[in-house]
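Undergrad: Have a look at this prediction, sequence included:
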Amino acid sequence: DIALSNAPLGPQFPFTGVDDRESWPSVFYNRTCQCSGNFMGFNCGNCKFGFWGPNCTERRLLVRRNIFDLSVPEKNKFLAYLNLAKRTTSPDYVIPTGTYGQMNNGSTPMFSDISIYDHFVWVHYYVSRDTLLGGSEI
């Protein structure tokens, strides 16, 4: 388990219990398995980034290319994969359709299937939205 301080948050965080990311990511880490070696993922069945192979022991260096440097066939392939991701339901992930509080602290799950593309969009939205610190609105 990840241990967090129980010190009061003070006036800079007046929304205790409102933001479902409070104490995040400990609420998720304390409810998931811990993978060993170079494995990762919700079921420890994937290799950590930078590794591949049957035992995730082979190093792999990937370099993200600038989209402006892609050839026309490479751009078309990229766009085709984006469109495929938009039409493909994720076999591994769902998204919550309510806050932790609305789900009665997890006892009433509220989740929905999601496409692979929308999963990435949702993750980016979730981690970058306002944190409800002082001066923010609920």
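TA: That came through fine.
Undergrad: Surely R87 touches D118?
TA: No. If you go by Cβ atoms under 8 Å, R87 and D118 don't touch, sitting 10.7 Å apart. (Glycine included, C-beta is placed from N, CA and C.)
Undergrad: neighbour-wise, which of those two wins?
TA: Legend: neighbour count by other Cβ atoms under 10 Å for R87 and D118, higher for D118 (18 against 9).
Undergrad: Now for that one, which secondary structure element holds it?
TA: For D118, the host element (DSSP states H and E) is helix 116-128.
Undergrad: Give me the average confidence score over that helix.
TA: Averaged over helix 116-128, pLDDT sits at 85.
Undergrad: Stretch 87-106 too?
TA: Averaged across stretch 87-106, pLDDT comes to 87.
Undergrad: Can you point out the buried residues in that stretch?
TA: The neighbour-count check on stretch 87-106 (16 or more other Cβ atoms under 10 Å) flags 90, 93, 96, 100, 103 as buried.
Undergrad: Pipe those into JSON lines and attach secondary structure and distance to C44 per row.
TA: Listed next are these as JSON lines, based on DSSP: H, G, I helix; E, B strand; the rest coil; distance: Cβ to Cβ, whole Å:
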{"residue": "S90", "secondary structure": "strand", "distance to C44": "18"}
{"residue": "Y93", "secondary structure": "strand", "distance to C44": "16"}
{"residue": "P96", "secondary structure": "strand", "distance to C44": "23"}
{"residue": "Y100", "secondary structure": "coil", "distance to C44": "25"}
{"residue": "M103", "secondary structure": "coil", "distance to C44": "26"}
